[in-house]
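Novice: Provided below are the primary sequence and the corresponding predicted coordinates.
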There are 4 protein chains.
Amino acid sequence: MNPAEPSVPEPTPEEQVALDRLYADFGAENLMPLWTQLDGLMPEHPTPEARAHVWEWKRLYTLAQRAGSLVPVGRGGERRAIALANPGLGGRPYATPTLWAAIQYLGPREVAPEHRHSQNAFRFVVEGEGVWTVVDGDPVAMRRGDFLLTPGWHFHGHHNTTDTAMAWLDGLDIPFVHHTDSAFFEFGPDEVTDRSTPDLSRSERLWAHPGLRPVSALERRANSPIAAYRWEHTDRALAEQLALEEEGHPGTVGPGHAAVRYTNPTTGGDVMPTIRAEFHRLRPGAETATRREVGSSVFQVFDGDGAIVLDGVEHRVGRGDLVAVPSWTAMRLRAESGFDLFRFSDTPVFEALHQARTAIEEEPA
Amino acid sequence: MNPAEPSVPEPTPEEQVALDRLYADFGAENLMPLWTQLDGLMPEHPTPEARAHVWEWKRLYTLAQRAGSLVPVGRGGERRAIALANPGLGGRPYATPTLWAAIQYLGPREVAPEHRHSQNAFRFVVEGEGVWTVVDGDPVAMRRGDFLLTPGWHFHGHHNTTDTAMAWLDGLDIPFVHHTDSAFFEFGPDEVTDRSTPDLSRSERLWAHPGLRPVSALERRANSPIAAYRWEHTDRALAEQLALEEEGHPGTVGPGHAAVRYTNPTTGGDVMPTIRAEFHRLRPGAETATRREVGSSVFQVFDGDGAIVLDGVEHRVGRGDLVAVPSWTAMRLRAESGFDLFRFSDTPVFEALHQARTAIEEEPA
Amino acid sequence: MNPAEPSVPEPTPEEQVALDRLYADFGAENLMPLWTQLDGLMPEHPTPEARAHVWEWKRLYTLAQRAGSLVPVGRGGERRAIALANPGLGGRPYATPTLWAAIQYLGPREVAPEHRHSQNAFRFVVEGEGVWTVVDGDPVAMRRGDFLLTPGWHFHGHHNTTDTAMAWLDGLDIPFVHHTDSAFFEFGPDEVTDRSTPDLSRSERLWAHPGLRPVSALERRANSPIAAYRWEHTDRALAEQLALEEEGHPGTVGPGHAAVRYTNPTTGGDVMPTIRAEFHRLRPGAETATRREVGSSVFQVFDGDGAIVLDGVEHRVGRGDLVAVPSWTAMRLRAESGFDLFRFSDTPVFEALHQARTAIEEEPA
Amino acid sequence: MNPAEPSVPEPTPEEQVALDRLYADFGAENLMPLWTQLDGLMPEHPTPEARAHVWEWKRLYTLAQRAGSLVPVGRGGERRAIALANPGLGGRPYATPTLWAAIQYLGPREVAPEHRHSQNAFRFVVEGEGVWTVVDGDPVAMRRGDFLLTPGWHFHGHHNTTDTAMAWLDGLDIPFVHHTDSAFFEFGPDEVTDRSTPDLSRSERLWAHPGLRPVSALERRANSPIAAYRWEHTDRALAEQLALEEEGHPGTVGPGHAAVRYTNPTTGGDVMPTIRAEFHRLRPGAETATRREVGSSVFQVFDGDGAIVLDGVEHRVGRGDLVAVPSWTAMRLRAESGFDLFRFSDTPVFEALHQARTAIEEEPA
């Protein structure tokens, strides 16, 4: 807050003494005045401490590999996950104030034991295959381009069935849950409960049919029952949007910009109550409008090269690179080649609480 | 209503005279007493005038063919549709008090002109192909096993691109809308607005991807935006349910009984606000429990042979046959061969109005 | 439906013979063609069979009094209710195709025995007092201006504690429930289960506090838990709207036209899923715009004199008079004196099913 | 998290060197491993940093008085509000991680200028009167026992019309909004926009009628349109619950424990999307069960004496005293005299996001 003109005269020395004594007495009683800190607490628009930041996938991967040879994955640490720590957030392992993003690395034949927690989690696979994640007893294959869910309070473990390591992106609402003191956790078996390696999970066989629901499961659910959103469907949906645009029909979000949202087929809404996930594809040379949104997000480049312009600063990124976008940052994407990006955000929180806002700024010249 | 014991003495002759005069005066003033008709108006459970009834597809088809050579399809009649007229409903073209079901027949190269109406409509194709229905300008191919939507107030026309006639099932909420005086209708062009014949409609290219929504269209809709639910998806979803059952996992509704509901991906609910549509598959020899439901429905056998047992009466049916099931009828299915059935009902009306009830009766001995 | 120009030539005599044979064969198979009846089934806008009609309260009351001396109220007839039978609806006791409206008359010291049914019911009291309706064991006083609920499947009976007869308006969704075959009914005790005569029902003591809910009952309910909406609250809310208008603030629906809707405090929506209830007050000389709505309604004049103009025909009405308004009728109110009207309608049905439409026509000259 | 048995051997000195280098490289790349901090981030149940704490009203009031003579209220500080700073939260002015609670003090004839912000706010008045808060131009009187709303983005200012100071409790979601970077703020006029002093606000005259809504305002709203919940209604609703209990009927939450929730009459839900508010009344000697809930809350004693037992520690409190209750704290109330308490909490956040949990523990012996 920045009042137009201060109407308050400076205190006299005597007043200052009295004020100092008052503030000391406040402190002794666990009290704090609003008027000394209004600007920081109630700014005119969001002024995040988190910063826009890029992490290069190649460096992440190399460090994860080193961790792979030094740090075991089992009980004691549960997961070999290395979190993005936003440089504005004082050394906490938070990509943004609400979102956790990490590279998780599983060496050849390794097993990450089962557990469950109230935090919502997903995986997104930018490269590799050969790991199955077992979610409430249902083995789910992980392959490049797949988006996989582990909603809150579902047991889950992972096992690598190959002789090659695999790494992927983990996304969770850990910072939000931690800040709001709503975390629960429970250990499961040390081994995954089903070591079979089917091509499709049972959840997909029941649920991943367009517009169809099993009559045996008709209730609304807080989380999507689809354990894996496969790349072939995402890719085809995006290709069709661009093809429709070429034929002169609606479908894309903006010129040369296709996008799909991953949804919960029992509600049509987001996959999990605290996390939105989308996939964006830009044609070569396409550029989006500049937008600001309440809430923070993380992008991972899936394919191609381009730039993410944040508050006017251009960040050039390529395959696997991760970008944290703080709340109310002016954001624009620009494709050099075809440009495919995965994005997740905390927007469902603000929509549920009627705090969401969006501002579209001038189109780029 | 059937009171346990009549506590009212017979009127004396003098009282009867006074009563007759009173009832005549009621009539003159457009009044009617409750007490003379309570049993009919407020029964202990639904006592439908509609009857359980079977229409054989072969006979329907033969009659539709005869109509094809005698009755034009264009302006003046709009559609060559022949409705099931439930024998209990006094000669009205109503399959049940709320649902319309008709065979529609389109001769070689014929065109059914465009119009729109507030009534919700769908098509289900038990045999044939070569017709495209054009819904708000989007051509939708019709093929065996497909379920196609024309929600209220969408323009639509049909054209047969082949030298062979084609017939299909039309389902609408005409009786419900007529009874509640909520019908609107508007003529469109005599010709369909797009004569192209794509394999997939634009609506499917945008919407028929499991769990994915276009970011360009995120609002909730009263009706499903998917114009066609293709047989390949329905068939696969049913096959997977039975396979899961064989592997010892949940998925089917009951032993040997797979079922999917067609849904609106923007809500997870029914495809249209007044009509529920489902597809049921029974293994050879399977038999369902006996159920009663508030609300009426119509089955069409898609494949195989079996029986529909209604209030204890067995109706043997085969491919294409149609069965009207009145409200609160005790119903059971029994498969001889594998048995595939399409079903539509008015249940969403009762769920929306908190009037739905279901009773499961004893399993068959 | 009224096609712009018939494109179909008259059949030749030979064709007519073939057509006659075809239509007879249709009839034998319980089939009916759409093309012979399209205009009636799918009109351009609602064309109700029900008619706008006025019933005078004085005549109703006199006839009810005569019934009081001739017809007992107990088991065998359950209720001494005399229904408005819309002259367009072929002698059925329906005020409109969906709504039942009746005068119910309870003589001195009489008891109407307890029962329950799936139909939703309410009472509105235009004059008199001294009867308690007992709803699921909770005695609810009935007084002039009160609006009282008996939602579906709640046991209820009435007893007159005085030596004076009392009559009131009963409103139900009997025609809708009958047409859709969703009626259930159950007898209760011959006597009311609680003969106490408190000023306020227990339901009001728990629920009728503005903006407050008991923490012991937090779930959403299909029906309002408030058994009685008292006249003092309705009157005050209407008076405040007119006072706010005079002070230059928003609040009224239109100039000189105050209106409140009775609502379910657990949802903010209508009191029952099939029935909307409102109270309207016009200043002397005020006149509303002309509106058409999908769905039918019934007005009862509570106080004052004025006119209800329906499709251009003016109906002058006074205290207690009842008016049936069919669907899509152009309607306008005009107050001579101050003019107070109770109204109920079936609009929630159309809103729930996404079939609601409203048209506002020109203001009166 | 506290694994049953550590399965990981201690690193060798060489490994430790490599690990130290790895962790340093993590730091340089803004990365942090999960395994070194899992216990804190993902505990078995919430382990709040916030502490249970009591602030005495008398001390608060005395300090506020001193601030009144030293600190102006106008532009430059906007409000003379002194916040509860939870001793576990590192010196931030947060009663809990999500909730702000402050005493606000307005001297004789003082005016707090108008502004608006996205944070949701309320006032609760434990003593005094004579201040009007003006919310979007509507003057709202403040009196002992009243609960007053200023939902997000409504302009508001306060003015004291008397020669006596007045102080009250302010509650907001400032910490939640700050942490999630969703704050917006805008200055308004230095003076309040309407200096009239009506007994009831216009919002109450439109909205505070039990079960009635103005037909001119039928949409659902995110926030309650009732600006003030008056003490007379709250008191009466609580008294009726205890009277019903005495008569043997349901109504109270537990023996001798009445409670109402303040609600939004357009939805039946909480008054604002992030804040729940309730009022609790215990009979002399009554005691509640022990409960844990996800989410934090603040109590203010309105009248009487008693104890709040938090994780087994008894805190004796009297009129005006404030108590912060962190998430998942075991909580029980015990009344000495009759005991009236206002409570607000962040529970709607967890309900909206499907993270709410409650545990009821053993009844007190």
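Specialist: Received, thanks. Computed from a predicted model, the values in this text were never measured in an experiment. Numbers count the residues shown, from 1 in each chain, chains lettered A, B, ... in the order given.

Novice: Tell me if the helix or strand bottoming out on mean pLDDT in chain A is near chain D.
Specialist: Ranked by mean pLDDT, DSSP states H and E, the weakest helix or strand in chain A is helix A:38-41, scoring a mean of 82. Yes - counting by Cβ under 8 Å from any Cβ of the partner chain, chain D is contacted by helix A:38-41 at A:Leu38, A:Leu41. For glycine as for every other residue, the C-beta is placed from the backbone atoms N, C-alpha and C.

Novice: starting at the chain centroid, how far to that helix?
Specialist: 28 Å (Cα atoms, centre = their mean, to the nearest Å).

Novice: Also stretch A:161-173?
Specialist: 16 Å.

Novice: Buried residues, that stretch. List them.
Specialist: Neighbour-count burial for stretch A:161-173 flags A:Ala165, A:Met166, A:Ala167, A:Trp168, A:Leu169, A:Asp170, A:Gly171, A:Leu172, A:Asp173 (criterion: 16 or more other Cβ atoms under 10 Å in any protein chain shown).

Novice: Name the nearest residue to the last one, sequence neighbours excluded.
Specialist: Read that as A:Asp173. Using Cβ to Cβ, 6 or more residues apart in numbering or on different chains and skipping residues adjacent in sequence, the residue nearest A:Asp173 is A:Thr274, 4.2 Å away.

Novice: And the first one, by the same measure?
Specialist: Computed as Cβ to Cβ, 6+ apart, the closest residue to A:Ala165 that is not its neighbour in sequence is A:Gly107, at 4.9 Å.

Novice: Helices along chain A, start to end?
Specialist: Here chain A has its helices, by DSSP state H, at A:13-28, A:38-41, A:57-70, A:174-179, A:202-207, A:231-246, A:347-352.

Novice: in chain A, what residue is nearest chain C?
Specialist: Closest contact between chain A and chain C, by Cβ to the nearest Cβ, is at A:Arg220 (13.6 Å).

Novice: OK, contacts around the residue nearest to that residue when sequence neighbours are not counted?
Specialist: Counting by Cβ to Cβ, 6+ apart, A:Arg220 lies nearest to A:Thr266, which is 5.1 Å off, once chain neighbours are set aside. For A:Thr266, the contacting residues are A:Arg213, A:Glu219, A:Arg220, A:Arg221, A:Ser224, A:Pro225, B:Gly268, by Cβ atoms under 8 Å, 6 or more residues apart in numbering or on different chains.

Novice: Which one (most neighbours) among the residues you listed?
Specialist: Compared across the contacts of A:Thr266, A:Ser224 has the highest neighbour count, 24 neighbours, by other Cβ atoms under 10 Å in any protein chain shown.

Novice: For that one, list the residues it contacts.
Specialist: Residues near A:Ser224 by Cβ under 8 Å, 6+ apart: A:Leu149, A:Pro151, A:Tyr262, A:Thr263, A:Asn264, A:Pro265, A:Thr266, A:Val271, A:Met272, B:Gly211.

Novice: and if you look at A:Glu361?
Specialist: A:Ala289, A:Thr290, A:Arg291, A:Arg292, A:Ala330.

Novice: cool, A:Arg334 as well?
Specialist: A:Leu282, A:Ala286, A:Glu287, A:Thr288, A:Gly306, A:Ala307, A:Val309, A:Glu314, A:Pro364.

Novice: partners of it in the sheet?
Specialist: Beta bridges link A:Arg334 to A:Glu287, A:Ala307, judged by DSSP bridges.

Novice: Now do the phi/psi pair for the residue nearest to A:Asp173.
Specialist: With angles defined as degrees, to the nearest 10, A:Thr274 sits at phi -110, psi -10.

Novice: looking at it, it is touching A:Ser118, isn't it?
Specialist: No - using Cβ atoms under 8 Å as the test, A:Thr274 is too far from A:Ser118 to be in contact (10.4 Å).

Novice: of these two, who's got more company?
Specialist: A:Thr274 (25 against 21).

Novice: pLDDT score assigned to that one?
Specialist: Looking at A:Thr274, its pLDDT is 98.

Novice: what about A:Arg123, neighbour count?
Specialist: 21.

Novice: can I assume it is in contact with A:Thr133?
Specialist: Yes - using Cβ under 8 Å, A:Arg123 is in contact with A:Thr133, at 6.6 Å.

Novice: shared neighbours of these two, anything?
Specialist: A:Met142, A:Leu148, A:Thr150.

Novice: May I have the residues that are in contact with the closest residue to the first one other than its chain neighbours?
Specialist: Using Cβ to Cβ, 6+ apart and skipping residues adjacent in sequence, the residue nearest A:Met142 is A:Val131, 4.7 Å away. For A:Val131, the set of contacting residues under the criterion of Cβ under 8 Å, 6+ apart consists of A:Leu106, A:Ala141, A:Met142, A:His158, A:His159, A:Asn160, A:Thr161, A:Thr162, A:Met166, A:Trp168.
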